[in-house]
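Q: return atomic coordinates for the entry below.
(4 chains)
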2 protein chains.
Amino acid sequence: MTATGIFDGIAPAGPGSGPLYLRLGRAIEAAIDSGRLGPGDSLPPEREIAGRTGLSRVTVRKAVQSLVLSGRLVQRRGSGTFVAPRMERLEQALSRLTSFSEDMARRGKAVRSVWISRQIRLATPEEMMALGLTAEDRVANIERVRHADGVPLAIERAVLPTAILPDPAAVDASLYAALAARGLRPCRAVQRLSATNLAAADAALLAVAPGAAGLRIERISYLASGRVVEFTRSLYRGDAYDFAAELRLSDEPEGEP
Amino acid sequence: MTATGIFDGIAPAGPGSGPLYLRLGRAIEAAIDSGRLGPGDSLPPEREIAGRTGLSRVTVRKAVQSLVLSGRLVQRRGSGTFVAPRMERLEQALSRLTSFSEDMARRGKAVRSVWISRQIRLATPEEMMALGLTAEDRVANIERVRHADGVPLAIERAVLPTAILPDPAAVDASLYAALAARGLRPCRAVQRLSATNLAAADAALLAVAPGAAGLRIERISYLASGRVVEFTRSLYRGDAYDFAAELRLSDEPEGEP
DNA sequence: TAGTGGTCTAGACCACCAA
DNA sequence: TGGTGGTCTAGACCACTAC
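A: Presented below is the predicted three-dimensional model:
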């Protein structure tokens, strides 16, 4: 379906205000919001939009780019530009220490991991800090892209002391399962979340546009003894994940117990 | 300071691989990482970079734009392009129900709120769902930009049943203080976090580039009685905030206690 | 007033995909 | 092979800032 009439009133003399690329962007977005363009529908070729609106192709591309960035459109070279399919957002509790594999299994999703790296190497200064190691210590480094039902959802880069995980190749689908087999499953973790624009390389791994918003999560996990188990830096697709947290009013002053 | 020699090896015949705008972007980023360009330093004008590298200004702008998006550069029209100042990241606990004002006061920050809107209006369908209202019910709508030490950090859009807050104009610096004065301070809340690219309007309110990553937080707060107090949708600057959460292994099935 | 970033154009070539 | 998006250019005008 190629909606007609969406591109009226964009021309320099037309109504609306502000830069032309913003006006065109709003017009396309309105067409999606109103349902005149539905998920999977194709937009006309950039050259045709340019012709119809009287704009240059550069300007059309600038308008489209902003919508690609915000995840409303998808572009495929050699194929076309399409309205992005409705993305089902996955919700994850922020207070329970679960593993990705178990989490997805509970939802009935087919999990797949694409390995980026699985090796033993020296710890970086940041990792030494997090894991409490020295410059001579080595770490098991595990990096993978997590998929659920074929959709890449997250990049996970974990480092563990070799004392905890001597052989990273032993990790199959679930890191926590491998740890549990050794009796070293963490029972507590501290996480830090922030939002970031995905760099080109990470964006490619997650099949989103460079610069798309992602959730960066750093997690340090501990055994009951207080020993550090893992230091994991993950990048989640911003359009695919919701993290849920429950807050309680605490009158106690902050500080170590 | 205007570093020289940063722009070598960018020309079409030069080394490196991939699109020219990516090569130039990497070169500038490397100059920042290596310290040859420090916070506050200015880049040469776009036209000069174009001249030195043999690229067109459009290509130079594309390279610079990606760094502006990721927050490494700041552009000021009529003035120039500068390396972004180091941003101090604020950390906030995700398990404690605190108010922005109190949180910042505890850190010794000067808090300021810029009001966007303060009104009584009908509830939208989404707000009816969240607050448990009907189509006839009205809500107090409070929208403001939160600043700490002069830096815009978050956009906060709260709606409350008029039964809870009959007069939104009574809210001064702190919403929670106003509620506490009426004996209606929430003691529990459920939050959902996700990452998103900030739309142009929101980005402008937060003084970041359009498309920059932001953290979207939806919060529904409750009284001890279970009555809903507020439904708040906030957008936090991705470059300014870290949210911290502690996770525990829970073997119990999920559900209400 | 001079210089900066912001917008816009017309046209070109390349890489990729589908028929 | 024809059409699509991806990259790139040279040049123009505007809006704003600093002086």
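
Q: the helices in chain A, which residues?
A: A:20-33, A:46-53, A:57-69, A:100-107, A:125-131, A:175-181, A:200-205 (DSSP state H).

Q: need the ones you listed in TSV (columns: mean neighbour count).
A: C-betas here are computed from N, CA, C, even on glycine. As requested, the helices of chain A are exported to TSV (neighbours: other C-beta atoms under 10 Å in any protein chain shown):
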stretch	mean neighbour count
helix A:20-33	19
helix A:46-53	17
helix A:57-69	20
helix A:100-107	16
helix A:125-131	15
helix A:175-181	18
helix A:200-205	15
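
Q: of all these, which lies closest to B:Ala204?
A: In terms of C-beta to C-beta, the element of those nearest to B:Ala204 is helix A:20-33, at 11.9 Å.

Q: briefly note if that closest one comes near DNA strand D.
A: No: between helix A:20-33 and DNA strand D, judged by C-beta under 7 Å from any atom of the strand, nothing touches; the nearest distance is 12.1 Å.

Q: distance to B:Ala213 and mean pLDDT added to the helices of chain A, as a markdown table?
A: Shown next, in a markdown table, are the helices of chain A (distance: least, C-beta to C-beta, whole Å; pLDDT from 0 to 100):
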| stretch | distance to B:Ala213 | mean pLDDT |
| --- | --- | --- |
| helix A:20-33 | 19 | 90 |
| helix A:46-53 | 26 | 92 |
| helix A:57-69 | 10 | 93 |
| helix A:100-107 | 22 | 83 |
| helix A:125-131 | 21 | 93 |
| helix A:175-181 | 27 | 89 |
| helix A:200-205 | 12 | 83 |
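
Q: could I get those as TSV with distance to A:Arg233?
A: Conversion of the helices of chain A to TSV gives the following (distance: least, C-beta to C-beta, whole Å):
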stretch	distance to A:Arg233
helix A:20-33	33
helix A:46-53	37
helix A:57-69	23
helix A:100-107	14
helix A:125-131	9
helix A:175-181	14
helix A:200-205	11
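
Q: closest one to chain B among these?
A: helix A:57-69 (5.0 Å; C-beta to the nearest C-beta).

Q: quick one: the closest one near DNA strand D?
A: Yes: shown here: helix A:57-69 in contact with DNA strand D (C-beta under 7 Å from any atom of the strand) through A:Arg57, A:Val58, A:Arg61.

Q: those: which ones sit near chain B?
A: Residues of the residues of helix A:57-69 next to DNA strand D in contact with chain B (C-beta under 8 Å from any C-beta of the partner chain): A:Val58.

Q: ok, A:Glu218 to A:Tyr241 distance?
A: 16 Å (C-beta to C-beta, to the nearest Å).

Q: just give me the neighbour total for A:Thr134.
A: Close neighbours of A:Thr134, defined as other C-beta atoms under 10 Å in any protein chain shown, add up to 7.

Q: skipping adjacent residues, who's closest to it in space?
A: Of all residues not flanking A:Thr134 in the chain, A:Met128 sits nearest, at 6.7 Å (C-beta to C-beta, 6 or more residues apart in numbering or on different chains).

Q: wait, isn't the one you found in contact with A:Asp137?
A: Yes: between A:Met128 and A:Asp137 there is a contact under C-beta atoms under 8 Å: 7.2 Å.

Q: on that earlier part again, so A:Glu218 and A:Tyr241 - more neighbours on which side?
A: Between A:Glu218 and A:Tyr241, A:Tyr241 has the larger neighbour count (other C-beta under 10 Å), namely 20 against 17.

Q: sketch out the low-pLDDT regions of chain A for me.
A: A:1-4, A:8-16, A:250-257 (pLDDT under 70).

Q: and the residue of it nearest DNA strand C?
A: A:Gly78 (2.5 Å; C-beta to the nearest atom of the strand).

Q: could you report the neighbour count for that residue?
A: 4.

Q: now do A:Ser234
A: 20.

Q: hey, what's it bridged with?
A: A:Glu156, A:Ile217 (DSSP bridges).

Q: what parts of the stretch 51-200 of chain A come near DNA strand D?
A: A:Arg57, A:Val58, A:Arg61, A:Gln75, A:Arg76, A:Arg77, A:Gly78, A:Ser79, A:Gly80, A:Thr81.

Q: close enough to count as contact, the third one and A:Glu46?
A: Yes: between A:Arg61 and A:Glu46 a contact is recorded at 6.0 Å, counting by C-beta under 8 Å.

Q: now the strands: where do they sit in the stretch 101-250 of chain A?
A: A:111-122, A:138-148, A:151-161, A:188-197, A:213-222, A:228-237, A:241-248 (DSSP state E, counting those that start in this stretch).

Q: circling back: closest to B:Gln119 out of the helices of chain A?
A: Closest to B:Gln119 of the helices of chain A, according to C-beta to C-beta: helix A:20-33, at 23.9 Å.

Q: A:Ala130 reaches A:Val228, doesn't it?
A: Yes: under the criterion of C-beta under 8 Å, A:Ala130 makes contact with A:Val228 at 7.3 Å.

Q: what is in contact with these two at once?
A: Residues touching both A:Ala130 and A:Val228 (C-beta atoms under 8 Å, 6 or more residues apart in numbering or on different chains) are A:Ile220.

Q: skipping adjacent residues, who's closest to A:Leu198 in space?
A: Nearest non-adjacent residue to A:Leu198 (C-beta to C-beta, 6+ apart): A:Gly214, at 4.4 Å.

Q: residues near that neighbour, how many?
A: So A:Gly214, with other C-beta under 10 Å, has 30 neighbours.

Q: how much space between A:Arg182 and A:Val114?
A: For A:Arg182, the distance to A:Val114 - C-beta to C-beta - is 24 Å.

Q: is A:Ile142 in a bridge, and if so with what?
A: Taking DSSP bridges, one finds A:Arg118, A:Ala158 as the beta-bridge partners of A:Ile142.

Q: contacts only, for it.
A: Counting by C-beta under 8 Å, 6+ apart, A:Ile142 makes contact with A:Ser117, A:Arg118, A:Glu156, A:Arg157, A:Ala158, A:Val159, A:Leu160, A:Pro168, A:Val171, A:Leu175.

Q: ok, the fifth one to A:Glu230 distance?
A: Think A:Ala158. For A:Ala158, the distance to A:Glu230 - C-beta to C-beta - is 5 Å.

Q: so what sits against both of these two?
A: A:Leu175.

Q: the more surrounded of the two?
A: Using other C-beta under 10 Å as the criterion, A:Ala158 and A:Glu230 rank with A:Glu230 on top: 25 against 22.

Q: I'd say that one and A:Arg157 touch.
A: No: applying C-beta under 8 Å as the test, A:Glu230 and A:Arg157 come out as separate, 10.6 Å apart.

Q: which ones are touching the nearest residue to A:Gln92 once chain neighbours are set aside?
A: What sits nearest to A:Gln92 in space, not counting adjacent residues and going by C-beta to C-beta, 6+ apart, is A:Phe243, at 5.5 Å. Listed by C-beta under 8 Å, 6+ apart, the contact set of A:Phe243 reads A:Glu91, A:Gln92, A:Ala93, A:Leu94, A:Leu193, A:Leu215, B:Arg192, B:Leu193, B:Ser194.

Q: and the nearest residue to the fifth one once chain neighbours are set aside, bridged to which residues?
A: Pointing back at A:Leu193 there. Excluding the flanking residues, the one nearest A:Leu193 by C-beta to C-beta, 6+ apart is B:Phe243, at 4.5 Å. Taking DSSP bridges as the rule, B:Phe243 bridges to A:Leu193, B:Gln92.

Q: mind checking how far B:Phe243 is from A:Lys109?
A: Taken as C-beta to C-beta, the span from B:Phe243 to A:Lys109 is 26 Å.
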